[in-house]
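Asker: just to be clear, the model below is a prediction. Sequence and coordinates:
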Amino acid sequence: MTSWEDDLPVVDSRTLPPDPQFLEAIGLNHAFESAVADLVDNSIDAGAKHVLVRFVRRSDGLIGLYVVDDGKGMGEDEIDKAMTIGKRRDYAAGDLGHFGIGLKAASLGQASKLSVFSKRSDQQPVGRRWVVKQASSRFDCDVLDADYSAQLIARDWGVIGNANSGTVVRWDDVRVFPKARSQSVANSFLEETLLKVRQHLGLVFHRLLEQDRFRLVVDTEDVEADEVGPPFFVEPIDPFGYLRAGHHAYPETLALTVDESDLILNCHIWPGRSQLPEFRLPGGRPDVFQGFYFYKAGRLLQIGGWNGVTHGEKHYQLARIAIDIDGAPKHLFTMNPEKTKLDAHQEFVAAVRETTGPEDFSFNRYLNDAKQTFKEAQKRDRSRRKVFEPGTGLHSRVRRAITRELDFLPGEDPIEIRWTRFDTSVFFDIDRDQGVIWLNKRYRSVINRGRSGSLSDAPLVKTLLYLLVEDLFHGAFLGSKDKDNIELWEAILTAAAETELRFE
Ligand SMILES: Nc1ncnc2c1ncn2[C@@H]1O[C@H](COP(=O)(O)OP(=O)(O)OP(=O)(O)O)[C@@H](O)[C@H]1O
Ligand SMILES: [Mg+2]
């Protein structure tokens, strides 16, 4: 029997270079939008102020993608290194690059060809291309014509402007693009994908976008029609962007010390049942977005997840923790090459569980508070009674907001809110039989501030009235209290409406 030996007996060595076919295997873990984000990382590292993601199409299908920036660009040597798989450069502290594979892996996971054109302000334009099929027999990278490269870089790229340096990355035969040659398929794919890409980029780069570090635009070019569609500026989506925290004591911080470095956990609790896009992030139900949000140099590397510190639970869905890992000891976190999540070392897990803050604040207490907040929001939800749906007269935006908050009585006609001529100066009247809240036309112009009215005008006044009187539509007849309320509200609101007229 042999035992464990630290030094094994080596007798010879062989050179076994990787088979070029492995190019076909890299980057396959990337989703389309995270692969695009990987290219944007490079543009940011190159100091770009503007980045353009452009989908290229013909009328009946998508044919490619450009990512263009006005960063510092690359010269001959740099572009060769850039195209080399696993070639690392010296990274500065705030750099997003780390592995030396992003460009190649992200691109070749998505496309059959990756072309890169680049220009430094002090050098001639250069171009290189990887063709997966060709490279999988030998590691041969194409050198592209300098004039073509120069012309492409000098094109009018809209938002990019007249930079004298920059980079254009081009993908051909993108795998997720629909194969069918059909205009309607291409249109609906584009619509969906543009949205997904904008949302993903808006989320992972939200801090950098909020700080105006750069601007990010997505558009479409139809090469047949020689037309470029409107630019969509990517808007930041802050996963901590609630209006008011769900719990009065939050946000609260927990400071961990690991290997003499401090790591701050910014613990947030969202309000229950939020409909904000910042809470209802793209790609899943809200409960999958609980947990840690790790940032490196302001770039979001992980969108929720507990990294083994606790289990995801429906009750914890309001809990989100922001952590900047820039100063953290190197061994504590391992980033996946796609930069979509971190592996946390056991030391981190233990520290989070054990650390207590001022006044005994702890991770456990935080989870409990998040759970309580969620439960109370649920309780509130259940105690809300069903209402008559608002119908014609109320703006669709308000109706959608009401739909999100309340359930409607099944089988009941919606309540309409309409203007009509009254014989008197009474501001409003309710018609339970017809299911209408009538508003006196006498006040329409003043309430609309002189603007011409429409079916769904005066949203604020109509909504207030709906909330006030909806209750009166319930039941077979009005009680005396209800009748008195109507008189009361009519008297007071009529005085208010008359006052509006005076100020006209
Ligand atoms: N848009 C760009 N502008 C300027 N240089 C670029 C650009 N894209 C890539 N590069 C150069 O190519 C190199 C390789 O890029 P790649 O994304 O493959 O690796 P990385 O960014 O260094 O590390 P990571 O694997 O973490 O992304 C970069 O380090 C950079 O020097
Ligand atoms: Mg990179």
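Answerer: Alright, I've got the coordinates. Ligands and ions are numbered 1, 2, ... in the order given.

Asker: report the distance from stretch 226-236 to the chain centre.
Answerer: With C-alpha atoms, centre = their mean, to the nearest Å as the basis, stretch 226-236 stands 17 Å off its chain's centre.

Asker: and that stretch, average pLDDT?
Answerer: For stretch 226-236, mean pLDDT rounds to 95.

Asker: quick check: end-to-end length of it?
Answerer: Taking C-alpha to C-alpha, to the nearest Å, stretch 226-236 runs 30 Å from one end to the other.

Asker: what do you get for stretch 57-74?
Answerer: Span of stretch 57-74 from end to end, C-alpha to C-alpha: 28 Å.

Asker: flag every buried residue along it.
Answerer: Going by neighbour count (16 or more other C-beta atoms under 10 Å), the buried part of stretch 57-74 is 57, 61-74. Glycine gets a C-beta too; all of them are placed from N, C-alpha and C.

Asker: likewise stretch 38-49?
Answerer: Asp38, Leu39, Val40, Asp41, Asn42, Ser43, Ile44, Asp45, Ala46, Ala48, Lys49.

Asker: residues from this structure in reach of ligand 2?
Answerer: Taking C-beta under 5 Å from the ion as the criterion, the chain approaches ligand 2 at residues Asp41, Asn42, Gly97, Gly102.

Asker: okay if I get those as a markdown table plus secondary structure and distance to Pro277?
Answerer: Output for those, formatted as a markdown table (DSSP: H, G, I helix; E, B strand; the rest coil; distance: C-beta to C-beta, whole Å):
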| residue | secondary structure | distance to Pro277 |
| --- | --- | --- |
| Asp41 | helix | 23 |
| Asn42 | helix | 27 |
| Gly97 | coil | 29 |
| Gly102 | helix | 27 |
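
Asker: just name the closest of these to Phe292, please.
Answerer: Asp41 (19.9 Å; C-beta to C-beta).

Asker: what's the pLDDT at that closest one?
Answerer: 97.

Asker: same question, Arg89
Answerer: 87.

Asker: swap in Asp381?
Answerer: So, for Asp381, pLDDT stands at 69.

Asker: make residue 1 into 5 and carry on from there
Answerer: Shifting the count to begin at 5 puts that one at Asp385.

Asker: before we move on, back to that, in strands only, show me the buried residues of stretch 61-78.
Answerer: Arg61, Gly65, Leu66, Ile67, Gly68, Leu69, Tyr70, Val71, Val72, Asp73 (DSSP state E).

Asker: measure the third one to Leu199 for me?
Answerer: Pointing back at Leu66 there. 15 Å (C-beta to C-beta, to the nearest Å).

Asker: likewise the fifth one?
Answerer: Between Gly68 and Leu199 the distance, using C-beta to C-beta, works out to 19 Å.

Asker: and if you look at the second one?
Answerer: In this structure, Gly65 and Leu199 are separated by 19 Å, where distance is defined by C-beta to C-beta.

Asker: isn't there a strand covering Ser122?
Answerer: Yes - under DSSP: H, G, I helix; E, B strand; the rest coil, Ser122 sits within a strand.

Asker: bridged to it, which residues?
Answerer: Listed beta-bridge partners, Ser122: Val130, Thr171 (assigned using DSSP bridges).

Asker: give me the number of residues near it?
Answerer: Around Ser122 there are 27 other residues, counting by other C-beta atoms under 10 Å.

Asker: pretty sure it sits against Gly170.
Answerer: Yes - between Ser122 and Gly170 there is a contact under C-beta atoms under 8 Å: 7.2 Å.

Asker: where do the contact lists of the two overlap?
Answerer: Gly77, Ile157 (C-beta atoms under 8 Å, 6 or more residues apart in numbering).

Asker: from memory Glu416 sits against Gly395, does it?
Answerer: No - counting by C-beta under 8 Å, Gly395 is not a contact partner of Glu416; they are 10.4 Å apart.

Asker: where does the protein have its least confident helix or strand?
Answerer: helix 136-139 (a mean of 80; mean pLDDT, DSSP states H and E).

Asker: what's the next secondary structure element after that helix?
Answerer: Later in the chain than helix 136-139, the nearest helix or strand by DSSP states H and E is strand 146-147.

Asker: any idea how far the helix or strand following that following strand is from the chain center?
Answerer: Once strand 146-147 ends, the next helix or strand along the chain (criterion: DSSP H and E) is helix 150-158. Mean C-alpha position of helix 150-158 versus that of the full chain (C-alpha atoms, centre = their mean) differs by 34 Å.

Asker: how about the CA coordinates for helix 150-158, as PDB?
Answerer: Provided in PDB are the C-alpha atoms of helix 150-158 (Å, rounded to 0.1, in the frame of the first residue of the first chain):
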ATOM      1  CA  ALA A 150      -6.600  48.200 -41.500                       C
ATOM      2  CA  ASP A 151      -8.600  50.400 -43.900                       C
ATOM      3  CA  TYR A 152     -11.700  48.500 -43.200                       C
ATOM      4  CA  SER A 153     -11.100  48.800 -39.500                       C
ATOM      5  CA  ALA A 154     -10.500  52.500 -39.800                       C
ATOM      6  CA  GLN A 155     -13.700  53.000 -41.700                       C
ATOM      7  CA  LEU A 156     -15.800  51.000 -39.300                       C
ATOM      8  CA  ILE A 157     -14.400  52.800 -36.300                       C
ATOM      9  CA  ALA A 158     -15.000  56.200 -38.000                       C
END
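
Asker: run a quick neighbour tally on Arg436.
Answerer: 16.

Asker: make that Pro463, sorry
Answerer: Pro463 has 16 nearby residues by other C-beta under 10 Å.

Asker: measure Gly245 to His204 for me?
Answerer: Gly245 is 16 Å from His204, by C-beta to C-beta.

Asker: residues of the least confident helix or strand of the chain that come out buried?
Answerer: Of all the residues in helix 136-139, those buried under the rule 16+ other C-beta under 10 Å are Val136, Gln138, Ala139.

Asker: could you measure from the last one over to ligand 2?
Answerer: Right, the one you point to is Ala139. Taking C-beta to the ion, to the nearest Å as the measure, Ala139 falls 19 Å from ligand 2.

Asker: then the second one?
Answerer: Distance, Gln138 to ligand 2, by C-beta to the ion: 23 Å.

Asker: farthest pair in the buried residues of stretch 61-78?
Answerer: Gly65 and Lys76 (34.8 Å).

Asker: quick revisit: looking at Gly245 and His204, which one has more neighbours?
Answerer: Neighbour count, other C-beta under 10 Å: between Gly245 and His204, His204 has more, with 23 against 15.

Asker: helix or strand: which one has the closest residue to the more buried one other than its chain neighbours?
Answerer: Spatial nearest neighbour of His204, chain neighbours left out: Glu37 (3.8 Å); criterion: C-beta to C-beta, 6 or more residues apart in numbering. Glu37 belongs to helix 36-49 when assigned by DSSP H and E.

Asker: could you check that helix against ligand 1 for contacts?
Answerer: Yes - for helix 36-49, a contact with ligand 1 is found by C-beta under 6 Å from any ligand atom, at Asp45, Asn46, Ser47.

Asker: interface residues of the stretch 5-154 of the chain facing ligand 1?
Answerer: Checking the stretch 5-154 of the chain against ligand 1 by C-beta under 6 Å from any ligand atom, the hits are 45-47, 50, 73, 75, 77-78, 86, 93, 101-108.

Asker: so what touches the least confident helix or strand of the chain?
Answerer: Pro24, Leu27, Glu28, Leu112, Ser116, Lys117, Asp144, Cys145, Asp146.

Asker: buried only: go through the residues you listed for me.
Answerer: Buried, going by 16+ other C-beta under 10 Å: Leu27, Glu28, Leu112, Ser116, Lys117, Cys145, out of those.
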